[in-house]
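Enquirer: okay, structure incoming, though there's no sequence with it:
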């Protein structure tokens, strides 16, 4: 049973005003109301947002935690693949970048080119997946797609 926000007396859940002090009560959440952040967004749009570079991981985590998409394997696959693509970006940026920045005294300056090419490859994969998802096609990236498919199948 809810209580009045002003005086603390018990009030009926259907009443808008307190019977003791007359203060208007805040609206209570109805039983059928959804607390899902992705309510009203189509599954294709959620899948597309999972591939937005550098911020899509947030949507992917929300989609995986959402009760609405708990049984939608297509959205879950795209969310996992988007997360794994972001992890690939982090590996290139935080591991390969500093590893190849070690000063080399002999040979051409390849140590600066390789991390940039890897970052470009991950960025192209993000753009490619945005286009594929916008056309409502399910595409598995070579290694990350298999990991995403395995992650979806383990949660069933």
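Expert: Cool, got the structure. From a predicted model like this one, the values you see are computed outputs, not experimental measurements.

Enquirer: packing partners of the lowest-mean-pLDDT helix or strand in the chain?
Expert: The weakest-scoring helix or strand in the chain, judged by mean pLDDT, DSSP states H and E, is helix 97-100 (a mean of 78). When contacts are defined as 3 or more Cβ pairs under 8 Å, 6 or more residues apart in numbering; DSSP states H and E, helix 97-100 packs onto helix 110-134. From N, CA and C alone the C-beta is placed, and that goes for glycine too.

Enquirer: contacts for the helix it packs on?
Expert: 44, 47-48, 50-53, 56, 78, 81-82, 85, 88-89, 92-93, 96-97, 100-102, 104, 138-139, 141 (Cβ atoms under 8 Å, 6 or more residues apart in numbering).

Enquirer: now the buried members of these.
Expert: Burial of those was assessed by neighbour count (16 or more other Cβ atoms under 10 Å); the buried members are 47-48, 50-53, 56, 78, 81-82, 85, 88-89, 92, 97, 100, 141.

Enquirer: what comes up buried for stretch 132-151?
Expert: Within stretch 132-151, the residues scored as buried using 16+ other Cβ under 10 Å are 132-133, 141, 144-145, 147-149, 151.

Enquirer: quick one: average confidence on it?
Expert: Mean per-residue pLDDT for stretch 132-151: 96.

Enquirer: so residue 147 is in which element?
Expert: Per DSSP states H and E, residue 147 falls inside helix 144-154.

Enquirer: what angle separates that helix from helix 110-134?
Expert: Helix 144-154 runs at 50 degrees relative to helix 110-134, counting by axes from the mean of the first three to the mean of the last three Cα atoms, to 10 degrees.

Enquirer: can you pull out the residues in contact with helix 144-154?
Expert: Helix 144-154 is contacted from outside by 73, 76-78, 80-81, 84-85, 88, 139-140, using Cβ under 8 Å, 6+ apart.
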